[in-house]
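Asker: no sequence for this one, just the structure:
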């Protein structure tokens with residue numbers, strides 16, 4: 001771990017009053033959104049009424065099960081067997097994880113280590129249900145990083161509603177305005193922004209909307225870009241503050 005980056009995080013935390021960090025799971029820490037995507041096609045033969053699967057994936061990605069059920073029944077009719085469909089897909093997800101393993105996103109472990117080394121507490125906030133979340137945390141060894149874990153079965157309103165992130169901040173004992181959040185999906189990033197959390201967006205399956213691009217703190221190619229981004233932010237901000245003090249005459253050089 002680069003000691004300069006740890007120093008930047010500590011300084012930034014002190015200057016901005018950062019009290020915590022919150023992370024999405026699928027597509028942000030783990031390369032699992034592609035797995036969820038695959039399962040739509042794996043169940044297609046069993047649900048021939050499905051059409052426009054790519055449109056459905058885009059509409060459902062990052063959202064909670066209740067929201068996805070409303071979407072699917074709204075599109076395919078109130079008799080669409082959503083629970084059986086959802087359970088079948090989750091079964092395929094677990095089978096793929098058991099046979100192919102879990103891929104951690106580049107930079108994910110390093111960013112978690114960075115925050116831990118800087119003494120910043122972290123929470124996980126994922127629309128995924130508890131049992132599958134715990135499975136992935138166990139496979140990755142990431143469980144020890146998080147002081148709080150909020151899963152989709154703990155909320156009544158899924159992303160892009162901010163409820164899950166507000167609950168994660170509450171569990172951390174942190175003011176959302178003093179928290180950094182990491183997301184890959186548009187719905188998740190929107191939830192961060194609505195919660196007044198500084199959003200760092202690392203797109204996975206789809207590009208962020210203009211709203212997210214305009215309101216996010218940063219849109220980065222991946223988590224592995226975050227330490228260097230933070231170092232640049234620190235240098236830029238401190239230089240700006242130094243110039244301001246020069247103009248005010250509080251420093252001479």
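Answerer: Done, it's in. Not measured: the values here are computed from a predicted model.

Asker: buried ones in stretch 82-93?
Answerer: 82, 85-86, 88-90, 92-93 (16 or more other C-beta atoms under 10 Å). All C-beta atoms are positioned from the backbone trio N, CA, C, and that covers glycine.

Asker: narrow those residues to those in helices?
Answerer: When DSSP state H is applied, the buried residues of stretch 82-93 are split such that 82, 85-86, 88-90, 92-93 fall in helices.

Asker: who's residue 123 bridged to?
Answerer: On the basis of DSSP bridges, residue 123 is bridged to residue 22, residue 148.

Asker: including pLDDT and distance to residue 18, could the ones in helices among the buried residues of stretch 82-93 go into a markdown table?
Answerer: A markdown table is the format used below for these (pLDDT from 0 to 100; distance: C-beta to C-beta, whole Å):
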| residue | pLDDT | distance to residue 18 |
| --- | --- | --- |
| 82 | 91 | 40 |
| 85 | 91 | 41 |
| 86 | 88 | 37 |
| 88 | 92 | 42 |
| 89 | 90 | 37 |
| 90 | 89 | 35 |
| 92 | 92 | 39 |
| 93 | 93 | 34 |
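
Asker: export the residues you listed to JSON lines and tack on distance to residue 108?
Answerer: Below are these laid out as JSON lines (distance: C-beta to C-beta, whole Å):
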{"residue": "82", "distance to residue 108": "31"}
{"residue": "85", "distance to residue 108": "30"}
{"residue": "86", "distance to residue 108": "26"}
{"residue": "88", "distance to residue 108": "29"}
{"residue": "89", "distance to residue 108": "24"}
{"residue": "90", "distance to residue 108": "23"}
{"residue": "92", "distance to residue 108": "24"}
{"residue": "93", "distance to residue 108": "19"}
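
Asker: what's the closest of those residues to residue 12?
Answerer: Here the nearest of those to residue 12, counting by C-beta to C-beta, is residue 93; it sits at 36.2 Å.

Asker: residues contacting the closest one?
Answerer: 32, 35-36, 39, 132 (C-beta atoms under 8 Å, 6 or more residues apart in numbering).

Asker: of those residues - the most surrounded one?
Answerer: Within the contacts of residue 93, most neighbours by other C-beta atoms under 10 Å means residue 32, with 23 neighbours.

Asker: wait, that one touches residue 102, no?
Answerer: Yes. At 7.2 Å, residue 32 counts as touching residue 102 under the criterion of C-beta atoms under 8 Å.

Asker: returning to that earlier point: pick out whichever of the ones in helices among the buried residues of stretch 82-93 sits closest to residue 171.
Answerer: Ranked by distance to residue 171 (C-beta to C-beta), these are led by residue 90 at 24.9 Å.

Asker: residue contacts, that closest one?
Answerer: Residue 90 neighbours (C-beta under 8 Å, 6+ apart): 129, 132.

Asker: now it: how far from residue 105?
Answerer: According to C-beta to C-beta, to the nearest Å, residue 90 and residue 105 sit 21 Å apart.

Asker: do residue 226 as well
Answerer: In terms of C-beta to C-beta, residue 226 sits 11 Å off from residue 105.

Asker: among those two, which residue is more densely surrounded?
Answerer: Set side by side, residue 226 and residue 105 show more neighbours around residue 226, with 22 against 19, by other C-beta under 10 Å.

Asker: can you tell me, leaving aside adjacent residues, what's nearest to that one?
Answerer: residue 111 (5.4 Å; C-beta to C-beta, 6 or more residues apart in numbering).

Asker: I'd say that neighbour and residue 225 touch.
Answerer: No. With contact defined as C-beta under 8 Å, residue 111 does not reach residue 225; the gap is 9.8 Å.
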